[in-house]
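K.L.:
What shape does this take:
(one chain, ligands or ions: 3)
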Amino acid sequence: MKELFPMIPKIDYEGPDSDKELAFKRYDPEAAVDGKTERECLRFSMAFWHTMTGEGKDPFGDPSAVRPWDGVDDPMEAARMRMRGLFELTEKLSIPYFCFHDRDIAPQGETLRETNRKLDEIVALAKELMKTSPTRLLWGTANMFSDPRFMHGAATSPDPNVFAYAAAQVKKAIEVTKELGGQNYVFWGGREGYETLLNTDTKREQDNLARFFRMAVDYAKEIGFAGQFLLEPKPKEPTKHQYDFDAAACYGFLSEYELLPYFKLNIETNHATLAGHTMQHELRFARERGILGSVDANQGDELLGWDTDQFPTNLYVSTLMMYEILKNGGLHSGGLNFDAKVRRGSFRPEDIAAAHIAGMDSMARGYRAASRMIADGALDAPLAERYAGWRSGIGASIEAGEQDFESLEAIALDMERIALSSGRQEFLESVVNRYI
Ligand code: XLS
Ligand code: NI
Ligand code: NI
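P.N.:
Ligands and ions are numbered 1, 2, ... in the order given. Reported below is the predicted structural model:
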C-alpha cells in the first residue's frame, strides 16, 4: 500500500549524541530492561484525536496542519486514510498502542443507527490493519462533549433523552473497543459538571452519573468485555466545574457509589496542573489507593490556565512520574498515552514524528532515572529514616492501636522539649537532580 507519510522514515535509536530531528536519543524500543524491552515497559500510545483528527485550529485560528487527506471531500475516505495513517505512524515510531474516541475515527450520520454503521466500517478497517501490524488498542472512549446535544451534560444532562442517547453511544463504544481487543475503556466527563449552580441539581446529576457507570459495568459483564474501566479526572474545561475534578474527587465518588471495584483512574499531567496539583501528587494519591490505571502523558504551559496538551518534555516531571509508576509495579493494562498535540505553528507532518520522539525520549529518560533512584534507595532510605520513630517504642505502640488520648497525655505532660529534625527538602531535590 502507498505510504501516506513518505517524509517520515522508520525512526531508529541513535543515542544521546545524535542531533538528527527524526531519531530517538533516549527511547530505545529494543533495549532490554528487567527481562523486557523498553517498548514493553513504557507502553506508549498515540492519541487518534490529536494526531490524526486534529487540524491545528485554535479559538482564533483556522486549521494550519498539512495532512495527506487535505482536500479529500468524502469524509469516509478521509476517515479510512486517517486510520491507515495511524497504523503507518505508530509502526514507524515504535509506538505499540493507540487510543480513540468513537467520533475521531468516523464521521456522524443523520441518526445514531447511521453513525454506528459508519463506525463499524472504520472499525473493520482497523481490525484488518491489525492483522499485519503490531499496533494494538490501549483504550477506546465515547465523545460525549462535541455535539450540541451534550451542551448540558451527557449522563448528567437534565434531559433523560440525552442520558438515553449517551447510554446507547457508550454501549456501542464498549462493543467496538472489545471488537478491537482494547485493554481499557475510558470515561472522561467533559460536560459532566456545571456552568452555574443556579440551574443545576448537583445531587441528582451525580446520582445519575453513578447509575450510568453501573449500567456500563453491567453491560461489559454481559458481553464479556474484560478491559479495565478508567475515569479520567479533570477539574474544568470545557465546563466551569467537572464532577471528576481530581483523583481525590473521583475516589470519593467511586467510594460513595460503591463503584471502586470496577474502576481505576487515567491520570493526565495537564489535568493535574489545572486542579492545582503536581502530576506526582495525583499519581501518588491514586497509587496509594490501588487505582492508578493509566496515564495521559502530556504537559501544560505553567503560565496558561487551560489544557494546552503539549508533548511531555519536562524531565523533572517525567522522572517523578515514572517514580510513582514504578512504585505502582507499572501500569499493568494501562500505558503512557500521548494525549498531546503539536503547536499550531508545527504544521508539517514531520513535526508529528518529532513531537512524539521528544515525548518518548523524555519519558524513557525519566524511566531510567527513576529506576536507578529506586534501585539505589535514593529517596527510600531518607524516607525510612524520617519515619523511624514509628517502628519502635511509642510510635509502634500507637500504630498497634495500644494508645488513647489519656495514655498519650500521660506521656506528653512532662515530656522534655522535643528534638526537631530537618525535612532536608533542598538536599532531596538535589538528589533527584543527580539522577536526571
Ligand atoms: C480532554 C481529555 C480527553 C480524554 C479522552 O481534556 O484529556 O482527551 O483523554 O476523552
Ligand atoms: Ni486525556
Ligand atoms: Ni486533557
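K.L.:
so where do the helices sit in the stretch 151-300 of the chain?
P.N.:
160-179, 202-223, 247-256, 269-274, 279-288 (DSSP state H, counting those that start in this stretch).
K.L.:
and among the ones you listed, the most buried is which?
P.N.:
Burial of the helices of the stretch 151-300 of the chain is given as mean neighbour count (mean count of other Cβ atoms under 10 Å); helix 269-274 ranks first at a mean of 26. Placement of C-beta: from N, CA and C, glycine included.
K.L.:
now check that one, is it near ligand 1?
P.N.:
No: using Cβ under 6 Å from any ligand atom, helix 269-274 never reaches ligand 1; the gap is at least 6.5 Å.
K.L.:
Also stretch 166-173?
P.N.:
No: shown here: stretch 166-173 not in contact with ligand 1 (Cβ under 6 Å from any ligand atom), separated by at least 10.8 Å.
K.L.:
Strands of the stretch 301-436 of the chain, residue ranges please.
P.N.:
336-338 (DSSP state E, counting those that start in this stretch).
K.L.:
where does it come near ligand 2, residue by residue?
P.N.:
The interface of the stretch 301-436 of the chain toward ligand 2, taken as Cβ under 5 Å from the ion, is made up of D339.
K.L.:
ok, which stretches of the stretch 301-436 of the chain are helices?
P.N.:
Using DSSP H, counting those that start in this stretch, helices in the stretch 301-436 of the chain cover 315-327, 349-375, 380-386, 393-399, 405-412, 425-435.
K.L.:
now the fifth one, how far from the centre of its chain.
P.N.:
Shown here is helix 405-412, whose average C-alpha point lies 47 Å from the average C-alpha point of the whole chain (Cα atoms, centre = their mean, to the nearest Å).
K.L.:
Could you measure from the residue sitting nearest the centre point of the chain over to R424?
P.N.:
Residue closest to the mean C-alpha point of the chain, counted by Cα atoms, centre = their mean, is D296 at 2.3 Å. Distance check for D296 against R424: by Cβ to Cβ, to the nearest Å, it reads 33 Å.
K.L.:
What's the local residue count around D17?
P.N.:
Neighbourhood size, D17 [other Cβ atoms under 10 Å]: 6.
K.L.:
and the residue of this protein nearest ligand 1?
P.N.:
Nearest residue of the chain to ligand 1 (Cβ to the nearest ligand atom) works out as W188 at 3.6 Å.
K.L.:
Leaving out chain neighbours, which residue sits closest to that residue?
P.N.:
Excluding its sequence neighbours, the residue lying closest to W188 (Cβ to Cβ, 6 or more residues apart in numbering) is E232, at 3.9 Å.
K.L.:
Show me the shaky parts of the stretch 1-150 of the chain.
P.N.:
Scanning the stretch 1-150 of the chain for pLDDT under 70 picks out nothing.
K.L.:
ranges for the helices of it?
P.N.:
38-42, 48, 75-92, 102-105, 112-130.
K.L.:
still on that earlier bit, hey, what's the residue nearest to the centre of the chain bridged with?
P.N.:
E268, N337 (DSSP bridges).
K.L.:
Please tell me I have it right and it contacts P233.
P.N.:
No: using Cβ atoms under 8 Å, D296 makes no contact with P233, being 10.3 Å away.
K.L.:
Now do the shared contacts for these two.
P.N.:
Taking Cβ atoms under 8 Å, 6 or more residues apart in numbering as the criterion, D296 and P233 both touch I267, E268, H271.
K.L.:
what's the spacing between the last one and W306?
P.N.:
Relative to W306, H271 is positioned 11 Å away (criterion: Cβ to Cβ).
K.L.:
Equivalent analysis for the second one, please.
P.N.:
Computed as Cβ to Cβ, the E268 to W306 distance reads 13 Å.
K.L.:
So between these two, which is more surrounded?
P.N.:
With neighbours defined as other Cβ under 10 Å, E268 and W306 compare such that E268 has more, 27 against 14.
K.L.:
show me the contacts for the residue nearest to W188.
P.N.:
Neighbours of E232 in contact, by Cβ under 8 Å, 6+ apart: V186, F187, W188, D244, L265, N266, I267, E268, H271, D296.
K.L.:
got a pLDDT number for the fourth one?
P.N.:
Put plainly, it is D244. Predicted confidence (pLDDT) at D244: the value is 98.
K.L.:
That one reaches W188, doesn't it?
P.N.:
Yes: with contact defined as Cβ under 8 Å, D244 reaches W188; the gap is 7.4 Å.
K.L.:
could you measure the residue of the stretch 101-250 of the chain found nearest ligand 2 against D244, distance?
P.N.:
Going by Cβ to the ion, ligand 2 is nearest to E232 of the stretch 101-250 of the chain, at 5.4 Å. Applying Cβ to Cβ, the value for E232 to D244 is 7 Å.
K.L.:
Identify the contacts common to those two.
P.N.:
With Cβ under 8 Å, 6+ apart as the test, E232 and D244 both reach F187, W188.
K.L.:
so what's whichever residue of the stretch 1-150 of the chain sits closest to ligand 2 up against?
P.N.:
Nearest to ligand 2, among the residues of the stretch 1-150 of the chain, is A47, at 7.6 Å (Cβ to the ion). A47 sits next to F98, C99, F100, D296, N337, F338, D339, A340 when contact means Cβ under 8 Å, 6+ apart.
K.L.:
So what's the residue count around the fifth one?
P.N.:
Other residues near N337 come to 26 when the count uses other Cβ under 10 Å.
K.L.:
Equivalent analysis for the second one, please.
P.N.:
Residues contacting C99 under the criterion other Cβ under 10 Å number 26.
K.L.:
Who does it form a beta bridge with?
P.N.:
A47, W139.
K.L.:
returning to what we had before: let me have the helices of the stretch 151-300 of the chain in JSON lines, adding mean pLDDT as columns.
P.N.:
JSON lines is the format used below for the helices of the stretch 151-300 of the chain (pLDDT from 0 to 100):
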{"stretch": "helix 160-179", "mean pLDDT": "98"}
{"stretch": "helix 202-223", "mean pLDDT": "98"}
{"stretch": "helix 247-256", "mean pLDDT": "98"}
{"stretch": "helix 269-274", "mean pLDDT": "98"}
{"stretch": "helix 279-288", "mean pLDDT": "98"}
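K.L.:
which one of those helices lies closest to S133?
P.N.:
Smallest distance to S133 across the helices of the stretch 151-300 of the chain (Cβ to Cβ): 16.0 Å, for helix 160-179.
K.L.:
Kindly state the distance between the middle of the closest one and the middle of its chain.
P.N.:
21 Å.
K.L.:
And stretch 104-121, by the same measure?
P.N.:
Taking Cα atoms, centre = their mean, one finds stretch 104-121 lying 26 Å from the centre of the chain it belongs to.
K.L.:
swap in stretch 5-25?
P.N.:
25 Å.
K.L.:
That one spans what distance, first to last residue?
P.N.:
22 Å (Cα to Cα, to the nearest Å).
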